[in-house]
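Undergrad: sequence? don't have it. structure:
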């Protein structure tokens, strides 16, 4: 997969997924992210690219399917959670002084997810996310005060929370649905970590994985009591997975000693199998 890195007004460069192309090294560090130029008018550009059938409209990171999200509550909630993960990681990057990386992380889900998901969200009465998402990217790109960037990111997350309450109906219990969402996010964390460790060790990919994990952990903590009451074994599997995976995601910079990829994949798979039992 390839992605565009925005260089200026109306100008982009198609490069391999991630920051490595701008860093010019096989093993970039956090310092490399500071060289990224922020995107310009990401909402307008992403919608125009999608209308032309460009790569920005091809379904998003690791396979977000808007048509499935129209009827499948897990697909719907997953799309929202993947957007949120970009904002969680982007805010962490901004707080670490990585202005360009944060602006990119705020802008990417506009192109990767929102332009395709907009009709589904509109059908379900969700307020337009585009302006708030673009505002966060613009503020980060301009180097605004952290409080302003944090408020903009929280506005997006608040709208995402409202959107989650309008997910399609399901025969699953709310607890089962949240457990499956946690499992999905842990799977995405593991797959993104695999890509970073084995395929392309770039900072953007790393920050994506960090965002997935932090959102997975937050969702697990929010649903912990209900999951424990419904399936103690599932609760134990989630707690074990998070405890074993978390040492890989302690900060915005990858740790010098990486966890085995097989460990992350195995723990995520164990949670996925356990979550499938809960109804």
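TA: Ah, there it is. What you see is a predicted model; the values in this text were computed from it and never measured.
Undergrad: make it CA atoms for all contacts and neighbour counts henceforth
TA: Noted.
Undergrad: distance across stretch 188-201, terminal residue to terminal residue?
TA: 16 Å (Cα to Cα, to the nearest Å).
Undergrad: what comes up buried for it?
TA: Using 16 or more other Cα atoms under 10 Å as the test for burial, stretch 188-201 gives 188, 189, 190, 191, 192, 193, 194, 195, 196, 197, 200, 201.
Undergrad: contact partners for the second one?
TA: So that's residue 189. 209, 210, 212, 213 (Cα atoms under 8 Å, 6 or more residues apart in numbering).
Undergrad: next one: the fourth one
TA: In this structure, residue 191 makes contact with residue 265, judged by Cα under 8 Å, 6+ apart.
Undergrad: now with 10 Å, please.
TA: 62, 185, 197, 209, 261, 264, 265, 268 (Cα atoms under 10 Å, 6 or more residues apart in numbering).
Undergrad: ok, the nearest residue to residue 233 once chain neighbours are set aside to residue 267 distance?
TA: With Cα to Cα, 6 or more residues apart in numbering as the criterion, residue 233 has its nearest non-adjacent residue at 7.6 Å, and that residue is residue 274. Distance, residue 274 to residue 267, using Cα to Cα: 11 Å.
Undergrad: quick check: pLDDT value at residue 242.
TA: We have a pLDDT of 96 for residue 242.
Undergrad: so what's the backbone phi/psi at the closest residue to it other than its chain neighbours?
TA: Leaving out its chain neighbours, the residue that sits closest to residue 242 by Cα to Cα, 6+ apart is residue 217, at 6.7 Å. In terms of degrees, to the nearest 10, the main-chain angles of residue 217 are phi -60, psi -40.
Undergrad: pLDDT score assigned to residue 217?
TA: According to the per-residue confidence, residue 217 scores 97 in pLDDT.
Undergrad: ok, residue 199 next?
TA: Model confidence at residue 199, expressed as pLDDT, equals 85.
Undergrad: most neighbours out of the contacts of residue 189, which is it?
TA: Using other Cα atoms under 10 Å as the neighbour test, the contacts of residue 189 are led by residue 210, with 29 neighbours.
Undergrad: in which helix or strand would I find it?
TA: helix 203-230 (DSSP states H and E).
Undergrad: can you give the distance of that helix from its chain's centre?
TA: 11 Å (Cα atoms, centre = their mean, to the nearest Å).
Undergrad: for the chain, what helix or strand is lowest in average pLDDT?
TA: Ranking every helix and strand in the chain by mean pLDDT, DSSP states H and E puts strand 11-16 at the bottom, with a mean of 30.
Undergrad: tell me which element residue 259 is part of?
TA: Using DSSP H and E, residue 259 maps to neither a helix nor a strand.
Undergrad: so how far is residue 235 from the residue lying closest to it once chain neighbours are set aside?
TA: Nearest residue to residue 259, sequence neighbours excluded (Cα to Cα, 6+ apart): residue 248, at 6.2 Å. In this structure, residue 248 and residue 235 are 21 Å apart, going by Cα to Cα.
Undergrad: of the two, which one has the most company?
TA: Legend: neighbour count by other Cα under 10 Å for residue 248 and residue 235, higher for residue 235 (23 against 20).
Undergrad: wait, that one sits on residue 270?
TA: No - between residue 235 and residue 270 there is no contact, the gap being 11.5 Å when judged by Cα atoms under 10 Å.
Undergrad: identify the contacts common to these two.
TA: When contacts are counted by Cα under 10 Å, 6+ apart, residue 235 and residue 270 are jointly contacted by residue 241.
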